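Trainee: no sequence for this one, just the structure:
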């Protein structure tokens, strides 16, 4: 997959009270508790993402869903920083090289998943051995089907380690 030459645009500092709703949309669905009261917050646009930059690190993003609405979700750096407990699936070692190249996640590689995933949810993918985040994508099936299925796409890739957003230097 070729790298895109996206530029960071519209970067500006914001007050906590201006984006309180965004912070709540980022944290509550994922079971995350965090205090950003002393953090320096900025927003910017990078490719298809509207980013929340926390202390010079892109930790959150807003992306359009299929219905034209906006969903807030941590970036992979945000998942590393905030350690969410919900909306994840686990893949075996065989799936990791494909995910690192931006491939969609196939159900055959998924061995476990958080029970709250529904089709259409934005979820994060972690490795089975260490629980480290590898990618973020759209669930193509619910958690039970992900674990039981032996074929078909389970997660449509959005962001993965090594992509443009992961490599973004601020």
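Mentor: That came through fine. The shown structure was predicted, so the numbers you read here are calculated from the model rather than taken from an experiment.
Trainee: what's the helix or strand for the most centrally placed residue in the chain?
Mentor: Geometric centre of the chain, nearest residue: residue 136, 3.9 Å, by C-alpha atoms, centre = their mean. Using DSSP states H and E, residue 136 sits within strand 133-139.
Trainee: all helices of this structure, in order?
Mentor: 20-27, 76-82, 96-100, 143-148, 164-167 (DSSP state H).
Trainee: Contacts made by the longest one with the rest, please.
Mentor: Put plainly, it is helix 20-27. Outside helix 20-27, the residues within contact range by C-beta atoms under 8 Å, 6 or more residues apart in numbering are 16, 32-34, 36, 52, 60, 62, 71-74, 78, 82. Bear in mind the C-beta positions are built from the backbone N, C-alpha and C, glycine included.
Trainee: In the record's domain split, what are the boundaries for the protein?
Mentor: Residue ranges for the domains of the chain, per automatic domain parsing: 8-83, 88-166.
Trainee: ok, back up a step: residues touching the residue nearest to the centre of the chain, list them.
Mentor: Under the criterion of C-beta under 8 Å, 6+ apart, the contact partners of residue 136 comprise 73, 75, 76, 79, 122, 123, 124, 125, 158, 159, 160.
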